[in-house]
Structures are given as C-alpha cells and as structure tokens.
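Enquirer: heads up, no residue letters with this:
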C-alpha cells in the first residue's frame, strides 16, 4: 500500500494537482471503524461519503456499503475503484445538504481545515461525521459555533502525527466524531438529525419568517416555477455556439436557472410579514417548495446530459443498460457542473467497459444447451442426458466449451399469443434477440439501422434473417437466422465470423484461453481469426470527447 500511495503522490505532483493530500493512516482508520461499529443503529454496511477521498483507501476500508466520494485531483479520480461513486469534484462547488449518507468522513487539507470542517458540520446530511483535524481545531471559534448550531455532540477519539506515514508531516491531529442525531432514540432505529441542514441553510439565507411558524399549505408554491420544455430546448440550441460543448452549455443554463430560482424566493423578503401571514404562506411551506425546486432542477439537467449518452447506452444489452442508468438516475442530486460531469463520465466509462464484457458472457451463457455447444479439444469431460435434465441451469462442472453455429435457446422464450407479446414473439425472446444484435455490434458487426425483433411477423415458425452491413464488401450480410416455436425455444444459425469472435472473446473472458494461439488450438479456428478476435470486444478508450455533442464519443 505504501509503495502504491507513494507513486500516487508523485503522480498528482506531476499533474500540479497536489491539493495537500495526506493519506489517512491505517491506525486512524482502525480507530474510526471500531468506533462506528460499536454504535447501535449504524448498521453493518453504512453508507459513507468521503470528502477528499484521495485514492479511495479510506472508503474501501471503512465500509462494505454504498461508497461516495468528493475528489478534485484527476489522477486520484482515475485510481478510484468502480464501486465508488463520485458525487462531486471541487468541494467548494458542492453542497452536502442533499447527499444523504450514514457517515461523512474527511481528512481535509490542513491549510483549509477550518473551512472544510465548518462546511461539513453545517451541511452534512448524515448521522455521524468523522474528521481528522489539526489539534488546534479546539480553539477555532467558527468550528465551535457550527457544532453549536447543529446541536451536535463532539468527542476526540485519538491523537496522532504523520512522522511515519506514507507522506510525512509534522502536524499533530485529532480524530473526532461529531454526532448529529439524538442518541436517546438512535437505538430504536431513528436517524432524525437534531437540526436539519437544509433548514439551517434556508434560515441563514432567507429572512422571510421566524421558523417557529407552522405550514398548513406546504404545496402552495410547489408548482409556480415550471419551465416550458420547448423553451428549454430552444435555449439549449442557442447556447450551443461553436467552441462550447454540451456540458458547458448546460452548466451555463443551470447556473442561470438556479440564480433566478433563488432570487425569486429572495424577493419574498420584500413582502411584509403580516401580508404573508394573511395569505397563509409560511416558513416551512416556502422552505419545502425551494428544496423541491432545487432538487428538480438538478434532476432535469442531469437527465438532459444522460439523454446524450446514447452512443454508449446503445452498446449495452437491456439488463446492462438498466443497471447503469439506474445508478445514474439515483444520483441526480449531485451538483450540476462541468467538473462533476467529467467525473461522472469517467465513472460511466470505467463501468461501461466492464458491462461490455460481462454482458457478452451473460448472453453466451443464455444460449448454452446440450445440442448447442462443443467442448474444447483438451476437455475430456462427458455430460450425459441425465446431467442436462434441468432446463434452467447447465450441468455442474461444465467449462471450456464454445457455442456451435446451430443453437437451440431453451430459456429465453419463443412464440406466444400472450398479452404483451411483440408480433407473436414473447417479450423475453425479443429482448434476447436484440441483445444478440448488440453483442454483434460490439464485436465489429455493424447492425445499426438493421432488423430488430419487432420488425418481423412471428406468427409462424418461418426463418427470420437478421443482417449487418459489411463495410469492406459494401453490402448487407446475414448475421444470424432465427426460428421461434411455441414450446419456448429459439433455433439460431449464426454467421461463422460472428460465432468465432464471440467464442474467442467468451473463452478469454472466462479465463479458459490465454492467447490467440491457445484459442485457435482449442476451438479449431484459424490463427488469423483468433488473433483478430482476441481483443475484438468494444472498449471505451477515452472520456475526452464524451462531453461534446455530436461526436463519436472516442468509440474505436
């Protein structure tokens, strides 16, 4: 770990992105983990946000639950594991109010420890905060005031120095825990914070009411700030001038809309309180409406950005696309700005490449049946009819095999007259056949604009031909043929080149073949085909152009 951390420190210095990053020591992490594991009500897998996550070491050590990071350094962002979701880059451009987690952790830059601590204590939407601060924090009046405003309880857990750490420093630091919830009720599963961070922010920024007033019409103002969809599209089109990419245009529009929204609510300060009371407009009603509007505004702009990722999502099978977009749409509360968009695209590319591989394996395994595979030449195992008796799983111990070019798919549906079918084909079968076209596209068989399952009439068992465009021959060529039957089976006949590429990739991803030569020997294909197929599956190679509208997204 020390050698790897040392390399990272040198890398971020070379990139001039050394934001006073001091790696948290194992001893400090042990103390923090032991402390929150002993707290009742925190759970076995707490969600954790690390502000200044560095290389992700603390996140990986502290929790097996959901991991969130705010990190500014690009080299460190690149080193984060795929299961760490980046919810922000530059801390000064983020808000924490809408980022709800069980724990917030931060080991801040020591020249700015007071600013980081104040912001985190004021805004953290969490049960507990763990901070590593220079010991002089106890004399920092601003930090103490923030603790008081949140009605929080603070405890020093330990004192350490960095004399023997990966990155040496003379600082003496305290590891502190700040509890934001009422401990009297935490044992009963309540995670209610004593002081809501959004209420604190709202009261600080809007001098409209005394907070003691109650609302009887929370929804009064919720629907007065709607944007016309056509107007939005027109604004975006006008913002897309030469030299401005999609994200820059969206960020400019977002900043304008957010400023306008806040100023609209600020104008309520100019109205006499007596008049507002007569109209039954209350502090809580206005506060909740603004909270809703800010959240909706972020969601709107993130979704607009995601809608332009089709050149990535079109290369995902239905299940992969659903998984990826589910994660993305779960995090539309992230502050919308260019640096966050870049970090999100980087995360998306890292995960998309894994999906491209995983979905190929998943799709091939859906086609496995007794009559559909051939064993590798070195595989002397035998599997009788009895071992294939379970329709929905392959025999135990089955490995080192390839698909035959004639395949009977027994687990993905076929013809049906049920409601919800597509021209006589079950929905499950439709998804599978379209996924097979996606896999082919990722292997270099361009089926863009070619047939998909819903383009055929499946009310008979006649052969249906799916094609791709061969750019070398400049003509359309058969990709695979399919017949569907009422017994729930699909009979496929695959293009030999497609089959070879898919089999070689499948064997490589399963770890059964280590080289093109081994693949050629085991599967009986020409060495030239094996070499061409070994790295054929599509990969995103760069995030550089993903944020530009109308480009090829660095797709190879």
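Expert: Nice, I can see it. Nothing here was measured: the structure is a model prediction, and the numbers come from that model. Residues are numbered from 1 along each chain as shown.

Enquirer: how about the helices in the stretch 401-550 of the chain?
Expert: Ranges of helices in the stretch 401-550 of the chain, per DSSP state H, counting those that start in this stretch, are 427-442, 496-510, 516-523, 527-533.

Enquirer: Ok, the stretch 201-350 of the chain next?
Expert: So, for the stretch 201-350 of the chain - with DSSP H, counting those that start in this stretch - the helices run 229-239, 246-266, 273-278, 283-306, 310-313, 318-330, 338-366.

Enquirer: Which neighbouring elements make contact with the last one?
Expert: For helix 338-366, the elements it packs on are helix 74-79, strand 84-88, helix 246-266, helix 310-313, helix 318-330, helix 427-442, helix 496-510, judged by 3 or more CB pairs under 8 Å, 6 or more residues apart in numbering; DSSP states H and E. Glycine gets a C-beta too; all of them are placed from N, C-alpha and C.

Enquirer: by contact count, what packs against the fourth one?
Expert: Using 3+ CB pairs under 8 Å, 6+ apart as the contact criterion, the neighbours of helix 310-313 among helices and strands are helix 318-330, helix 338-366.

Enquirer: circling back: so can I have JSON lines of the helices of the stretch 401-550 of the chain showing distance to residue 246?
Expert: As requested, these are exported to JSON lines (distance: least, CB to CB, whole Å):
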{"stretch": "helix 427-442", "distance to residue 246": "24"}
{"stretch": "helix 496-510", "distance to residue 246": "32"}
{"stretch": "helix 516-523", "distance to residue 246": "40"}
{"stretch": "helix 527-533", "distance to residue 246": "35"}
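
Enquirer: between these, which gets nearest to residue 378?
Expert: Nearest to residue 378 among the helices of the stretch 401-550 of the chain is helix 516-523; the distance by CB to CB comes to 6.2 Å.

Enquirer: Any figure for the gap between the residue nearest to residue 375 when sequence neighbours are not counted and residue 524?
Expert: Setting aside the residues directly before and after it, residue 375 is nearest to residue 401 in space (CB to CB, 6 or more residues apart in numbering), at 5.1 Å. To residue 524, residue 401 is 13 Å away according to CB to CB, to the nearest Å.

Enquirer: Between the two, which has more neighbouring residues?
Expert: It is residue 401, of residue 401 and residue 524, that has more neighbours when counted by other CB atoms under 10 Å, with 24 against 12.

Enquirer: re earlier: figure out which of the helices and strands packed on helix 310-313 is closest to residue 246.
Expert: helix 338-366 (8.9 Å).

Enquirer: how many other residues sit next to residue 34?
Expert: Using other CB under 10 Å, the number of residues around residue 34 comes to 10.

Enquirer: which SS class is it?
Expert: helix (DSSP: H, G, I helix; E, B strand; the rest coil).

Enquirer: Next, the buried residues of stretch 260-268.
Expert: By neighbour count on 16 or more other CB atoms under 10 Å, the buried set for stretch 260-268 is 261, 265, 268.

Enquirer: Would you reformat those as TSV and include pLDDT and distance to residue 42?
Expert: TSV is the format used below for these (pLDDT from 0 to 100; distance: CB to CB, whole Å):
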residue	pLDDT	distance to residue 42
261	82	36
265	73	36
268	71	39
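
Enquirer: What residues of stretch 410-419 count as buried?
Expert: 410, 411, 412, 413, 414, 415, 416.

Enquirer: rewinding a little: pull up the gap between the residue nearest to residue 375 and residue 105, please.
Expert: Going from residue 401 to residue 105 by CB to CB gives 47 Å.

Enquirer: Residue 32 too?
Expert: Between residue 32 and residue 105 the distance, using CB to CB, works out to 7 Å.

Enquirer: Please identify which helix or strand holds residue 133.
Expert: Using DSSP states H and E, residue 133 sits within strand 128-134.

Enquirer: neighbouring strands for that strand, and are they parallel or not?
Expert: Here strand 128-134 has these sheet partners by DSSP bridges: strand 103-106 (parallel), strand 169-179 (antiparallel).

Enquirer: Quick one: those strands as CSV, columns for mean pLDDT and distance to residue 423 too.
Expert: As requested, these are exported to CSV (pLDDT from 0 to 100; distance: least, CB to CB, whole Å):
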stretch, mean pLDDT, distance to residue 423
strand 103-106, 94, 52
strand 169-179, 86, 60
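
Enquirer: Show me the shaky parts of the stretch 51-200 of the chain.
Expert: Where the stretch 51-200 of the chain drops to pLDDT under 70, the residues are 162-170, 183-191, 198.

Enquirer: Quick one: the helices in it, in order.
Expert: Taking DSSP H, counting those that start in this stretch as the test, the helices found in the stretch 51-200 of the chain are 57-62, 74-79, 113-123, 141-149, 183-186, 197-205.

Enquirer: Quick check: closest non-adjacent residue to residue 116.
Expert: Leaving aside its chain neighbours, residue 116 sits nearest to residue 108 (3.6 Å; criterion: CB to CB, 6+ apart).

Enquirer: give me every residue that touches the one you found.
Expert: By CB atoms under 8 Å, 6 or more residues apart in numbering, residue 108 lies in contact with 51, 52, 116, 117, 131, 132, 133.

Enquirer: Swap in 7 Å and give it another go.
Expert: Residues counted as contacts of residue 108 (CB atoms under 7 Å, 6 or more residues apart in numbering) are 52, 116, 117.

Enquirer: Residue 291: neighbouring residues, count only.
Expert: Residue 291 has 17 nearby residues by other CB under 10 Å.

Enquirer: and if you look at residue 306?
Expert: Per other CB under 10 Å, the neighbour tally for residue 306 reads 18.

Enquirer: State the distance from the nearest residue to it once chain neighbours are set aside to residue 236.
Expert: Of all residues not flanking residue 306 in the chain, residue 328 sits nearest, at 5.7 Å (CB to CB, 6+ apart). Note on residue 328: its distance to residue 236, by CB to CB, is 20 Å.

Enquirer: same deal with residue 361?
Expert: Distance from residue 361 to residue 236, by CB to CB: 39 Å.

Enquirer: Looking at those two, which has the bigger crowd around it?
Expert: In this view residue 361 and residue 236 are compared by other CB under 10 Å, and residue 236 has more residues nearby, 16 against 13.

Enquirer: any residues in contact with both of residue 32 and residue 105?
Expert: Jointly contacting residue 32 and residue 105 under the rule CB under 7 Å, 6+ apart are 62, 130.

Enquirer: measure stretch 401-417 end to end?
Expert: In stretch 401-417, first residue to last residue: 35 Å (CA to CA, to the nearest Å).

Enquirer: which other residues reach that stretch?
Expert: Residues from elsewhere that reach stretch 401-417 (CB under 7 Å, 6+ apart): 364, 366-367, 369, 371-376, 379, 391-392, 424-426, 428-429, 432, 458, 484-494, 496, 499, 502-503, 507, 523.

Enquirer: Now do it, average pLDDT.
Expert: Averaged across stretch 401-417, the pLDDT comes to 92.

Enquirer: Tell me how far it lies from the chain's centre.
Expert: The chain centroid and the centroid of stretch 401-417 are separated by 32 Å, computed with CA atoms, centre = their mean, to the nearest Å.

Enquirer: Pass me the low-pLDDT residue ranges in the stretch 201-350 of the chain, would you?
Expert: Applying pLDDT under 70 to the stretch 201-350 of the chain picks out residues 201-230, 240-244, 275-289, 292, 331-333.

Enquirer: do the stretch 351-500 of the chain as well
Expert: Residues of the stretch 351-500 of the chain meeting the criterion pLDDT under 70: 381-397.
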